[in-house]
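K.L.:
Structure for the following, please:
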Amino acid sequence: MSQSRAVEDYLKAIHKLQQRAPSVSTSVLAEELDRSAASVTNMVKGLAEQGLAEHIPYHGVRLTDAGELSALRIIRRHRVLEMFLIDRLGYAWDDVHEEAERLEHAASDELIDRMAQVLGEPRFDPHGAPIPTRDGRMEHRALCRLTELPERGVAIIRRVTDESSDTLRRLAELGLYPGARVRLVRRDDARGRLVLEVDGSDAELEATIAQGISVESV
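P.N.:
A predicted model of the protein is given here:
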């Protein structure tokens, strides 16, 4: 059964917020989606009636197994679309998110599966986020934030969670893509920056941006 764009947006948002806490308050969900508290409460009740979520007044909302699977299918659509737009259509990684947001609600699961096959069944999207499989499994890696890397520590960038086009363009200018090898030269706490060695050259990166970069130590 097809779902409305609003339902899909809610499921995806709840799934995202559940990564921080088992249940999500309606106020936090309202802030995430930029909706009024009343409209969020009404939608959550509708999700509960469809068996996609459980809502406990004064405690919050969480996805059911069916809701979780639906959310992962939406996430799969979005991330496969991002890969296809970049790999086959030449989109830049800072332009692809909004385009995938629009397309994910129209694309069928069959179309997404065919795109994934053409791409060689990618495990991660262009920003390093894991792509759920057709049956809802998603790979998890033990990563740390770039800001947690010790001085002179070396790591591989694995994921960038910031979706801002300006931030992604800034990272592209510095060569800080998933797969890039970096060394933390020093912390400049007075200026709120990290000095990194990237591809043999030093680069300065704001600590606030570095918070959104996950790395794997080597």
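
K.L.:
Can you pull the domain assignment for this structure?
P.N.:
The chain breaks down into these domains under automatic domain parsing: 5-63, 75-140, 144-217.

K.L.:
and of these, who's closest to L69?
P.N.:
Smallest distance to L69 across those (Cβ to Cβ): 4.8 Å, for domain 75-140. Just so you know, the C-beta spots here come from the backbone N, C-alpha and C atoms, and that holds for glycine as well.

K.L.:
Show me which residues of stretch 135-143 are buried.
P.N.:
L143 (16 or more other Cβ atoms under 10 Å).

K.L.:
Kindly report the same for stretch 157-176.
P.N.:
For stretch 157-176, a neighbour-count test (16+ other Cβ under 10 Å) marks 157-160, 162, 167-168, 170-171, 174, 176 as buried.

K.L.:
Next, format the domains of the chain as TSV and append mean pLDDT and distance to L69.
P.N.:
Output for the domains of the chain, formatted as TSV (pLDDT from 0 to 100; distance: least, Cβ to Cβ, whole Å):
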stretch	mean pLDDT	distance to L69
domain 5-63	93	9
domain 75-140	95	5
domain 144-217	95	23
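
K.L.:
In a helix, R159, correct?
P.N.:
No: under the criterion used here (DSSP: H, G, I helix; E, B strand; the rest coil), R159 is strand, not part of a helix.

K.L.:
Distance of it relative to D65?
P.N.:
Going from R159 to D65 by Cβ to Cβ, to the nearest Å gives 26 Å.

K.L.:
cool, I131 as well?
P.N.:
20 Å.

K.L.:
So which of those two has more stuff around it?
P.N.:
Per other Cβ atoms under 10 Å, whichever of I131 and D65 has more neighbours is I131, with 23 against 10.

K.L.:
can you give me the helices in the chain?
P.N.:
Secondary structure of the chain (DSSP state H): helices at 5-18, 26-33, 37-49, 65-87, 96-103, 109-118, 165-174, 207-210.

K.L.:
looking at the ones you listed, which is buried most?
P.N.:
Scoring the helices of the chain by mean neighbour count under mean count of other Cβ atoms under 10 Å gives helix 65-87 as the most buried, with a mean of 21.

K.L.:
Mind giving me the packing neighbours of that helix?
P.N.:
Packing partners of helix 65-87 (3 or more Cβ pairs under 8 Å, 6 or more residues apart in numbering; DSSP states H and E): helix 5-18, helix 96-103, helix 109-118.
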